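**Q** can't give you the sequence, but here's the structure:
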Ligand SMILES: Nc1nc2c(ncn2[C@@H]2O[C@H](COP(=O)(O)OP(=O)(O)OP(=O)(O)O)[C@@H](O)[C@H]2O)c(=O)[nH]1
Ligand SMILES: [Mg+2]
């Protein structure tokens with residue numbers, strides 16, 4: 001591959017003031033102020049924006065190139081420890097003879113937000129408010145390779161490192177176009193990475209290559225035209241080889257020469273305005289060429305480039321028989337297709353629900369419920385006995401979380417990770433999660449939260465960090481876990497009907513969406529975009545599967561166990577010493593005054609902190625009947641369910657939050673959940689009462 005060192009390029013030196021004090025490049029990390037700027041360039045519909053959105057941050061800056069209707073977008077993206085600013089540019093067909101809106105993209109590539117002497121007289125702002133790119137990613141539609149090769153031959157003139165993303169490889173494959181990727185890379189003198197942006201394939205390699213090229217500070221040699229054009233090129237270069245012209249245009253000499261050879265109107269015009277003598281020489285040379293050559297020099301240069309692109313295409317691409325569609329490709333239709341892809345995510349959603357309502361409930365009946373039955377006859381009447389029973393209850397509660405929920409759901413998470421399915425779900429739902437300021441990576445923890453919030457929050461630990469981990473953990477506590485769903489289904493279905501149950505779950509979704517937006521104000525840092533690796537499909541292997549599941553569960557147990565047992569002992573002692581009435585009175589301002597519920601519901605609500613299902617059992621005891629409808633009207637039942645859906649995460653969830661996001665945020669989560677539960681329950685109560693009065 002042909003590379004030149006940037007430090008030898010005089011034009012680039014003018015852009016890079018640090019070049020005289022070289023940094024030790026191997027240790028150079030592109031972060032913070034040193035972020036690399038990478039621009040996506042390419043023809044219309046080649047997939048630039050698809051690549052951009054596949055790796056974009058949760059919010060990004062957009063705008064129009066100054067004075068044009070051509071949109072651009074820009075955002076930070078994290079690649080391992082490095083960070084880049086990624087710029088999605090409007091389409092660019094060629095570097096030559098651009099005019100109007102198209103010219104602005106070229107000006108950005110040449111000068112960024114700087115103004116060289118030749119363009120200072122222009123009244124409009126620089127095309128964009130940020131600097132010139134450090135590296136170019138040329139996005140090519142592999143299924144229409146020939147049309148893209150001319151620009152591929154021109155881009156090296158810009159004097160920047162270039163990496164080619166040979167995109168739409170799936171389309172090329174489907175059409176039977178086979179491309180010799182190594183041959184193409186060698187002939188262009190740039191790395192070529194095959195990608196399928198729509199499915200996230202090849203993006204990790206692409207951006208790693210971008211970093212690599214930036215670290216090496218190497219860029220391709222400009223492609224030489226045919227010898228007869230070279231003769232005219234060196235004559236032309238001689239005409240403009242003056243330091244004042246180089247300074248005024250601030251662009252590589254080669255490139256200016258090629259623009260003038262092709263009589264590019266913008267550059268000719270600028271030369272005329274600033275260096276009329278030089279223009280006269282350029283025109284004289286063009287006239288001389290017209291006499292010697294069969295056609296105008298500009299046409300000769302264009303034809304030469306066209307010819308070289310065609311030869312290159314012939315040498316690297318051939319048409320094959322249409323290949324068979326592999327099973328991986330068929331599966332990807334299900335998991336990664338822009339619209340069908342959601343089917344795969346929904347299938348996993350259904351699998352989680354099946355796991356929770358079939359497997360987990362069976363396991364629960366076989367483990368915790370059986371143990372609870374065994375100790376149910378033991379009703380101690382001494383304080384020591386009560387403590388002993390409470391410890392046993394706490395441990396049974398632990399079994400009730402670990403055996404039916406935590407182990408199977410974490411096992412499922414690890415299996416989804418190892419099989420490559422989780423990465424695909426994350427990729428497909430990414431844009432939906434961006435709406436609440438998160439990345440699609442947290443989709444599976446949210447799904448697991450439907451079973452039990454504990455494994456859901458535990459799963460965020462391995463997938464996210466910093467702000468994203470805190471926000472996703474806080475939001476997962478609002479995902480109705482199976483215990484809360486069971487209460488809503490038991491009471492809601494009986495007294496509010498299917499529609500009522502549906503609306504309660506829809507309310508949870510709405511609350512999560514609104515909170516996601518609100519939490520973005522509390523945690524305003526925009527998490528940079530990430531490159532979502534899409535690994536190949538693989539069968540999960542039992543040993544690593546079990547090992548990984550146990551690793552993730554064990555450290556959580558160490559913190560959940562004491563809290564669950566401790567909480568159980570405290571509540572049992574309160575009951576033993578007859579604090580029920582006291583608890584109910586203490587909670588009356590909430591239960592009775594704010595929510596309009598019977599005062600006796602204070603104890604069931606408090607015990608729900610231990611395990612949410614306890615609230616359901618205890619509400620029957622508190623009201624003294626299984627017919628809740630006799631003691632509460634439909635508005636009270638709805639208000640109670642809404643409050644129960646959102647208030648304080650159970651003690652095990654709190655414990656896992658302590659471990660995953662720390663004490664401060666875990667305590668904030670309690671305040672947040674109480675606030676949200678009170679506000680929504682009061683709003684629902686008042687709205688329903690208002691509606692009832694109207695009817
Ligand atoms: N089959 C397939 N389609 C793709 C791929 N990448 C992008 N597309 C589709 O190609 C179309 C154009 O993609 P864009 O990302 O908008 O292309 P662009 O280069 O930004 O286009 P302009 O902004 O108009 O220059 C969209 O319909 C994408 O879904 C790919 O790898 N495979
Ligand atoms: Mg686009």
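**A** Nice, thanks for sending it over. Quantities reported herein were computed from a predicted structural model and do not represent experimental measurements. Residues are numbered from 1 along each chain as shown. Ligands and ions are numbered 1, 2, ... in the order given.

**Q** pick out the residue of this protein closest to ligand 2.
**A** residue 49 (3.1 Å; C-beta to the ion). (C-beta placed from N, C-alpha, C; glycine too.)

**Q** what sits against that residue?
**A** Under the criterion of C-beta atoms under 8 Å, 6 or more residues apart in numbering, the neighbours of residue 49 are 73, 88.

**Q** do residue 244 as well
**A** residue 275.

**Q** so it versus residue 312, what's the distance?
**A** 37 Å (C-beta to C-beta, to the nearest Å).

**Q** which is the next helix or strand following the helix or strand hosting the residue of the chain closest to ligand 2?
**A** Residue 49 belongs to helix 48-55 when assigned by DSSP states H and E. Downstream of helix 48-55, the first helix or strand assigned by DSSP H and E is strand 61-64.

**Q** and that following strand, what does it pack against?
**A** Applying 3 or more C-beta pairs under 8 Å, 6 or more residues apart in numbering; DSSP states H and E, we find strand 61-64 packed against strand 71-79.

**Q** quick check, the helix or strand following the strand it packs on touching ligand 1?
**A** Downstream of strand 71-79, the first helix or strand assigned by DSSP H and E is strand 82-88. No: residues of strand 82-88 contacting ligand 1 under C-beta under 6 Å from any ligand atom: none, with a closest distance of 6.7 Å.

**Q** strand 82-88: what's the following helix or strand?
**A** helix 100-111.

**Q** and that next one, how far from the chain's centre?
**A** Chain-centre distance of helix 100-111: 30 Å, with C-alpha atoms, centre = their mean, to the nearest Å.

**Q** whether that helix contacts ligand 2 - can you check?
**A** No: with C-beta under 5 Å from the ion as the threshold, helix 100-111 lies outside contact range of ligand 2, at a closest distance of 11.7 Å.

**Q** what is that helix packed up against?
**A** The criterion is 3+ C-beta pairs under 8 Å, 6+ apart, and the helices and strands that helix 100-111 contacts are strand 36-42.

**Q** now do 6 Å
**A** The elements that helix 100-111 packs onto, with contact taken as 3 or more C-beta pairs under 6 Å, 6 or more residues apart in numbering; DSSP states H and E, do not include any helix or strand.

**Q** average pLDDT across the helix holding residue 49?
**A** Mean pLDDT, helix 48-55: 94.

**Q** do stretch 633-643 as well
**A** 95.

**Q** same check, this time on stretch 279-294
**A** Mean predicted lDDT for stretch 279-294 stands at 90.

**Q** buried sites along that stretch?
**A** Residues of stretch 279-294 classed as buried: 279, 281, 282, 283, 285, 286, 289 (neighbour count, 16 or more other C-beta atoms under 10 Å).

**Q** ok, and of these, which contact ligand 2?
**A** When C-beta under 5 Å from the ion is taken as the criterion, no member of the buried residues of stretch 279-294 contacts ligand 2.

**Q** same list, those residues, but as CSV with secondary structure please.
**A** Output for the buried residues of stretch 279-294, formatted as CSV (DSSP: H, G, I helix; E, B strand; the rest coil):
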residue, secondary structure
279, helix
281, helix
282, helix
283, helix
285, helix
286, helix
289, helix
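
**Q** ok, and which of those reach ligand 1?
**A** Checked against ligand 1 using C-beta under 6 Å from any ligand atom, the buried residues of stretch 279-294 give no members in range.

**Q** just give me the closest of these to residue 404.
**A** Compare each of the buried residues of stretch 279-294 with residue 404 using C-beta to C-beta and the shortest gap goes to residue 282, at 81.2 Å.

**Q** tell me the contacts of the closest one?
**A** Applying C-beta atoms under 6 Å, 6 or more residues apart in numbering, we find residue 282 in contact with 239, 260.

**Q** repeat for residue 68
**A** Applying C-beta under 6 Å, 6+ apart, the residues near residue 68 are 101, 104.

**Q** so it sits in a strand?
**A** No: with three-state DSSP as the criterion, residue 68 is coil rather than part of a strand.

**Q** the closest residue to residue 689 other than its chain neighbours: which element?
**A** Leaving aside its chain neighbours, residue 689 sits nearest to residue 635 (6.1 Å; criterion: C-beta to C-beta, 6 or more residues apart in numbering). In the assignment (DSSP H and E), residue 635 maps to helix 634-646.

**Q** so the helix holding residue 49 versus strand 71-79, what angle?
**A** Orientation of helix 48-55 against strand 71-79 (axes from the mean of the first three to the mean of the last three C-alpha atoms, to 10 degrees) gives an angle of 40 degrees.

**Q** mind checking how far helix 48-55 is from the chain centre?
**A** In terms of C-alpha atoms, centre = their mean, the centre of helix 48-55 is found 11 Å from the chain centre.

**Q** quick one: it to strand 82-88, angle?
**A** Using the same axes, to 10 degrees: helix 48-55 against strand 82-88 is 150 degrees.

**Q** does helix 48-55 reach ligand 1?
**A** Yes: between helix 48-55 and ligand 1, judged by C-beta under 6 Å from any ligand atom, the touching residues are 48, 49, 50.

**Q** residues touching the first one, list them.
**A** By that I understand residue 48. For residue 48, the contacting residues are 40, 42, 88, 139, taking C-beta under 6 Å, 6+ apart as the criterion.

**Q** got phi/psi on the closest residue to the second one other than its chain neighbours?
**A** It stands for residue 42. When the adjacent residues along the chain are set aside, residue 42 lies closest to residue 139, with 3.6 Å between them (C-beta to C-beta, 6+ apart). As for residue 139, its main-chain torsions (degrees, to the nearest 10) stand at phi -90, psi 120.

**Q** what's the answer for residue 191, then?
**A** When read as degrees, to the nearest 10, the backbone of residue 191 gives phi -70, psi 140.

**Q** how many other residues sit next to it?
**A** Residue neighbour count, defined by other C-beta atoms under 10 Å, stands at 20 for residue 191.
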